[in-house]
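J.: Got a predicted model here, sequence first, then my questions.
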Amino acid sequence: MDKRRRRGYAGGMFIDRVRVWAKAGKGGDGCSSFRREKYVPKGGPDGGDGGKGGDVVIEVDMQLNNLQHLKFQPHQYAGKGANGQGSMKTGKSAPTLLIKVPPGTLVYWLPTAPENFERAVDLELGEVAADMVEPGQRFTLAAGGRGGRGNLHFKSSVNQAPRRRELGFAGEQKQYYFELKSIAEVGLVGFPNAGKSSLLAAISHAHPKIAPYPFTTLNPIIGLVEGENFRRFTVADIPGLLEGAHEGVGLGFDFLRHIERCKLLVFVLDMAGTEGRDPVEDYRKLRAELKLYDETLAERPFIIVANKMDVPEAAGHLKIFKKKFRQKIVPVSARQREEIETLKLTLAERLTPS
């Protein structure tokens with residue numbers, strides 16, 4: 001299987017992969033009963049049916065951004081349906097167990113046996129059962145069992161007083177693997193300390209942690225950008241990449257997944273080379289890492305943001321960079337908020353269908 005899915009990330013309580021054991025409720029038992037009233041001594045069978053067991057259902061909640069709430073509660077059990085009663089009373093069906101998940105959650109079926117749920121390490125994933133992207137979208141993980149029939153249903157011309165009844169049917173039991181891939185239209189890609197968090201804070205309403213050292217961002221952060229003409233779009237800042245990220249170096253593929261759904265990629269480069277880095281080499285390495293991770297990402301539309309243009313050395317580096325690459329480059333200073341409106345306008349234009 002894909003080695004990317006063997007490992008989970010629990011640092012800082014951002015959880016984007018969990019295993020879930022869903023067990024639907026058992027149906028209620030049918031009732032064996034006979035009508036007994038003062039003037040109806042032999043009224044016949046009147047046993048009611050059992051209620052339906054509860055379903056286990058997931059629903060997209062736009063307010064969630066990770067799967068932390070399921071990490072420590074992987075076993076999700078729905079309730080049992082109530083038993084049927086006399087006087088043809090049907091038992092009450094159990095309520096649906098509703099589990100909220102963030103948009104972008106992929107649901108894989110796990111064929112692993114129940115007894116190996118806790119011990120399994122190398123997961124063999126089954127087919128994709130659901131791709132949860134739309135607000136309010138629902139998917140049934142496990143269907144509740146049908147209630148058993150009461151003895152009323154077994155009356156016949158040759159058996160006027162049946163005592164037979166049905167027991168409730170067991171609900172489904174299934175295992176799943178949830179994998180979150182953030183939904184954002186724009187993805188920021190860059191090496192540590194390139195200024196991605198500062199850039200996201202400058203163009204959106206997000207408030208990521210910003211500090212002058214690498215790996216300030218330890219989990220994907222989504223920001224909402226307000227463009228002109230009421231145009232809105234989302235931007236994802238993922239932790240800085242390292243060379244070899246496609247093989248899991250650094251935070252590696254733990255977070256590369258979060259830009260797989262982005263329509264537009266933004267390569268954020270430290271054009272000033274403040275840590276002795278070469279912007280030209282950084283760009284080449286970033287492109288190579290994306291291609292090695294997923295070739296389709298390398299073909300995704302993109303622009304280049306030359307950040308830290310407020311540093312004197314940046315102008316000379318940008319001149320050299322432009323001679324080597326004939327790509328769309330937007331020079332900015334996220335720290336000084338320079339050319340931020342130009343960048344927002346460029347992003348909106350690239351996202352607008354032609």
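T.: Cool, the structure landed.
J.: Distance-wise, check Glu185 relative to Ile259.
T.: Distance of Glu185 to Ile259, given as Cβ to Cβ, to the nearest Å: 11 Å. The way it works is simple: take the backbone N, C-alpha and C, and place the C-beta from them, glycine included.
J.: Also Gln76?
T.: Using Cβ to Cβ, one gets 30 Å for the distance from Gln76 to Ile259.
J.: picking that back up, out of Glu185 and Ile259, which sits in the more crowded spot?
T.: Ile259 (25 against 17; other Cβ atoms under 10 Å).
J.: Name the SS class of the residue lying closest to that one once chain neighbours are set aside, please.
T.: Once flanking residues are discounted, Ile259 sits nearest to Gly187: 3.5 Å by Cβ to Cβ, 6 or more residues apart in numbering. Of the three states, Gly187 takes strand under DSSP: H, G, I helix; E, B strand; the rest coil.
J.: what bridges to Gly187?
T.: Applying DSSP bridges to Gly187 gives these bridge partners: Ala236, Leu265.
J.: Would you confirm that it contacts Ala236?
T.: Yes: judged on Cβ atoms under 8 Å, Gly187 makes contact with Ala236 at a distance of 5.0 Å.
J.: Need the overlap of contacts for the two.
T.: Residues touching both Gly187 and Ala236 by Cβ atoms under 8 Å, 6 or more residues apart in numbering: 258-259, 262.
J.: Dump these to JSON lines, plus secondary structure.
T.: Below are the shared contacts of Gly187 and Ala236 laid out as JSON lines (three-state DSSP):
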{"residue": "His258", "secondary structure": "helix"}
{"residue": "Ile259", "secondary structure": "helix"}
{"residue": "Cys262", "secondary structure": "coil"}
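J.: Just send the residues you listed back as TSV, with pLDDT and distance to Leu98 too.
T.: Below are the shared contacts of Gly187 and Ala236 laid out as TSV (pLDDT from 0 to 100; distance: Cβ to Cβ, whole Å):
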residue	pLDDT	distance to Leu98
His258	77	26
Ile259	81	30
Cys262	87	29
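J.: for these, which one is nearest Thr352?
T.: Within the shared contacts of Gly187 and Ala236, proximity to Thr352 (Cβ to Cβ) peaks at Cys262, which comes in at 15.6 Å.
J.: Tell me where this protein has helices.
T.: 68-71, 196-203, 253-256, 279-293, 295-298, 313-324, 340-351 (DSSP state H).
J.: In stretch 341-354, which residues are buried?
T.: By neighbour count on 16 or more other Cβ atoms under 10 Å, the buried set for stretch 341-354 is 343-344, 346-348, 350-351.
J.: Alpha carbons of it, as PDB, please.
T.: C-alpha atoms of stretch 341-354 as PDB (Å, rounded to 0.1, in the frame of the first residue of the first chain):
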ATOM      1  CA  GLU A 341      -3.300  44.100  -3.100                       C
ATOM      2  CA  THR A 342      -1.500  43.300  -6.400                       C
ATOM      3  CA  LEU A 343      -1.100  39.700  -5.300                       C
ATOM      4  CA  LYS A 344      -4.700  39.400  -4.200                       C
ATOM      5  CA  LEU A 345      -5.900  40.700  -7.600                       C
ATOM      6  CA  THR A 346      -3.500  38.300  -9.400                       C
ATOM      7  CA  LEU A 347      -4.800  35.400  -7.500                       C
ATOM      8  CA  ALA A 348      -8.400  36.300  -8.100                       C
ATOM      9  CA  GLU A 349      -7.800  36.700 -11.900                       C
ATOM     10  CA  ARG A 350      -6.100  33.300 -12.100                       C
ATOM     11  CA  LEU A 351      -9.000  31.600 -10.200                       C
ATOM     12  CA  THR A 352     -11.600  33.200 -12.400                       C
ATOM     13  CA  PRO A 353     -12.700  30.900 -15.300                       C
ATOM     14  CA  SER A 354     -11.900  32.400 -18.700                       C
END
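J.: any idea how far Leu351 is from Arg261?
T.: Taking Cβ to Cβ, one finds Arg261 at 14 Å from Leu351.
J.: for Val280, same thing?
T.: Using Cβ to Cβ, one gets 27 Å for the distance from Val280 to Leu351.
J.: and what of Val266?
T.: On the measure of Cβ to Cβ, Val266 and Leu351 end up 11 Å apart.
J.: Identify the contacts common to the two.
T.: Between them, Val266 and Leu351 share the contacting residues Val186, judged by Cβ under 8 Å, 6+ apart.
J.: so what's the residue located most distally from the centre of the chain scoring on pLDDT?
T.: Going by Cα atoms, centre = their mean, the residue of the chain most distant from its centre is Tyr39, 63.1 Å out. At Tyr39, the pLDDT value in this model is 78.
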